[in-house]
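J.: Predicted structure and sequence below. I'll ask about it afterward.
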Amino acid sequence: ARLAGDAAYAAESDAYRHYYNYLNKGGWSYDESGYPLMDRYRAETLLRSGRVWRYCGIGFQHWAGALGSPGNPGRTPLMTRAAYHLRQPAMAWIGGPAGDITLKDHNFYAGEVVKKTVLGINDQHTTETWTARWEVRRRDGGAVVAGGVLRPRVSPFSRVCEPFAFTLPAGAATAALDLRLDVAHADGSPLTNDTFALAVYPRPEAPGHRGKTPFLLFDPHGETAPGLAALGVRTEPLTPGAARAGRVLLMGRRALRGLKQLPFTADEVARGLRVVFFEQHCSDLGKIGLRHEDRGPRQLFARQPGHPLADGLTADLLRDWRGHATLFSAGPVLDRIPVSSRTSRISTRGNVASAIIETPHCGPFETFIDGEFDLSYTPLVRWRHGRGELLFCQLDLTGRIGVEPGADRAAANLIRYLGEPLPPPEWRTAACLSA
């Protein structure tokens, strides 16, 4: 579910559940034929991580079988075939920009320059010149957008990092592109190939500010105001004693840090105050009663695609955001004190959200985006109270507005939503019938 969203549950057939619960009895043995989606993601994860470990000189031995053969493409699990290819003495693939080769930036605006690298491993005694041809094509129709040839000289037991760049076409419509790499030995025989999916979006207009009344802003660290200005939002500083009923209060990034008392009351929310919290630290979320994790997901999913807050946020727009998130350090300590007991991680590259909220199990909470384990965590959740609301937006928007199409879409949705009157709450009665 962390990687596939709701499709993970839809792919669990009754036969698979019976196998895992009663025949396998929860053991480590696994029949991939019963759950192809799991096989696909395990293979992708093994190949992506394994080849970078090799590139960095980190030795490892994976337990997947069929070590001496790629197996039958029609019957051998993808993971087993990935393990076989990972053991080849020479490999090549498409990497991120030089100096940040594991970045998976894939969403861009029309006219931007895309920077990638050809990465390679040659764990052999031979010296030769590879021919690496790359080409970018439109997925609808196959028209060539850009292309080129690199000829790296490969010495024995060496690594290859050859940068290349291309300019995306201008256009008023979203376009899906495929970057393909074909690498051949000096004698012309094929070595390997790789593909990388890209998407090009027209640069949107700023959503602007609807209504005559500016939003109230409490941004003690000054980290959220620049992004709001870029979106065309008019704000005024929060002052004590100002009328707040029916107003919008924006709490900037890290605004809760060191704050001893919230600058608003529950009664003000009940009378119509709408409060938005931008990215906050785990410990500060905990102080107001929210459970949290600092897992830094790179893939999230819209829970309510039809809601204005999630409008147009496809799974592609909610994964691998460009660059690095900056709410907290790259690790291993990250943001929790003490350090989370779960597996540590290094880097904040590609984070869509850094500190995420565990979806509350009770109360008038409503999530619009979720992800991570069992889709039980959210970076965008609302609490209704009377005629007002609290909205927690833990998406890593700071530094991404104007750069990452997914962040721009999420931010524009938020501003447009706040510009409309808040509908009255809908209360429903649940009845428990017992025999």
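T.: In hand now; what should we look at?
J.: what's the distance between Lys212 and Gly419?
T.: Per CB to CB, to the nearest Å, Lys212 is found 11 Å from Gly419. Every residue, glycine included, has its C-beta placed from N, CA and C.
J.: Also Val403?
T.: According to CB to CB, Val403 stands 23 Å off from Gly419.
J.: which stretches of this protein have low pLDDT?
T.: Of all residues in the chain, those with pLDDT under 70 make up the ranges 20, 22-34, 60-75, 331-345, 435.
J.: ok, longest helix in it?
T.: Across the chain, the longest stretch assigned as helix under DSSP state H is helix 36-55.
J.: all helices for the stretch 1-150 of the chain, in order.
T.: In the stretch 1-150 of the chain, the segments counted as helices under DSSP state H, counting those that start in this stretch are 7-10, 14-18, 36-55, 78-86.
J.: What residues sit buried inside the longest one?
T.: The reference is to helix 36-55. Within helix 36-55, the residues scored as buried using 16 or more other CB atoms under 10 Å are 38-43, 46-47, 50-51, 54-55.
J.: And the second one, by the same measure?
T.: Residues Tyr16 are the ones in helix 14-18 that count as buried (16+ other CB under 10 Å).
J.: elements contacting the helix or strand hosting Pro379?
T.: Here Pro379 sits within strand 377-385, counting by DSSP states H and E. The contact analysis (3 or more CB pairs under 8 Å, 6 or more residues apart in numbering; DSSP states H and E) places strand 377-385 against helix 266-270, strand 356-358, strand 365-371, strand 388-393.
J.: Let's see that with 6 Å instead.
T.: strand 356-358, strand 365-371, strand 388-393 (3 or more CB pairs under 6 Å, 6 or more residues apart in numbering; DSSP states H and E).
J.: Could you export the second one as CSV, CA atoms only?
T.: Output in CSV follows, covering the C-alpha atoms of strand 365-371 (Å, rounded to 0.1, in the frame of the first residue of the first chain):
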residue,chain,number,x,y,z
PHE,A,365,-11.2,14.3,11.3
GLU,A,366,-11.1,14.0,7.5
THR,A,367,-8.0,13.2,5.4
PHE,A,368,-7.5,14.3,1.8
ILE,A,369,-4.1,12.7,1.1
ASP,A,370,-2.6,9.6,2.8
GLY,A,371,0.2,7.1,2.5
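J.: Within the sheet, what are the partner strands of that strand, with directions?
T.: Applying DSSP bridges, strand 365-371 is found paired with strand 300-302 (antiparallel), strand 377-385 (antiparallel).
J.: Show me the helices in the stretch 251-400 of the chain, by range?
T.: Going by DSSP H, counting those that start in this stretch, the stretch 251-400 of the chain shows helices at 266-270, 282-287.
J.: Output the buried residues of helix 36-55 as TSV; include the columns distance to Gly188.
T.: Converted to TSV, those look like this (distance: CB to CB, whole Å):
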residue	distance to Gly188
Met38	38
Asp39	34
Arg40	32
Tyr41	35
Arg42	34
Ala43	29
Leu46	30
Leu47	25
Gly50	28
Arg51	24
Arg54	25
Tyr55	25
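J.: Out of those residues, which is nearest to Arg409?
T.: Tyr41 (25.3 Å; CB to CB).
J.: Identify the residue spatially nearest to the closest one, adjacent ones excluded.
T.: Spatial nearest neighbour of Tyr41, excluding adjacent residues (CB to CB, 6 or more residues apart in numbering): Leu3 at 5.0 Å.
J.: Got phi/psi on the one you found?
T.: Note on Leu3: backbone dihedrals following degrees, to the nearest 10 are phi -100, psi -30.
J.: how far away is it from Glu372?
T.: Leu3 sits 10 Å away from Glu372, going by CB to CB.
J.: Could you give the number of residues near Gly388?
T.: 26 (other CB atoms under 10 Å).
J.: Can you show me the CA trace of stretch 306-319 as PDB?
T.: C-alpha atoms of stretch 306-319 as PDB (Å, rounded to 0.1, in the frame of the first residue of the first chain):
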ATOM      1  CA  GLY A 306     -13.100  14.900  -6.000                       C
ATOM      2  CA  HIS A 307     -12.500  17.300  -3.100                       C
ATOM      3  CA  PRO A 308     -11.200  20.800  -3.900                       C
ATOM      4  CA  LEU A 309      -8.100  20.200  -1.700                       C
ATOM      5  CA  ALA A 310      -7.100  17.100  -3.800                       C
ATOM      6  CA  ASP A 311      -8.300  18.300  -7.200                       C
ATOM      7  CA  GLY A 312      -5.900  17.000  -9.900                       C
ATOM      8  CA  LEU A 313      -3.400  15.500  -7.500                       C
ATOM      9  CA  THR A 314      -2.600  12.200  -9.300                       C
ATOM     10  CA  ALA A 315      -0.200   9.700  -7.900                       C
ATOM     11  CA  ASP A 316       2.400  10.900 -10.400                       C
ATOM     12  CA  LEU A 317       2.100  14.500  -8.900                       C
ATOM     13  CA  LEU A 318       2.400  13.100  -5.400                       C
ATOM     14  CA  ARG A 319       5.700  11.200  -5.800                       C
END
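J.: Nearest to Gly148, out of the helices of the stretch 251-400 of the chain?
T.: helix 282-287 (44.7 Å).
J.: these two touch, right, Leu300 and Ile369?
T.: Yes: using CB atoms under 6 Å, Leu300 is in contact with Ile369, at 5.2 Å.
J.: How many neighbouring residues does the closest residue to Glu12 other than its chain neighbours have?
T.: With sequence-adjacent residues excluded and distances taken as CB to CB, 6+ apart, Glu12 is closest to Tyr35, at 7.0 Å. Neighbour count of Tyr35, defined by other CB under 10 Å: 20.
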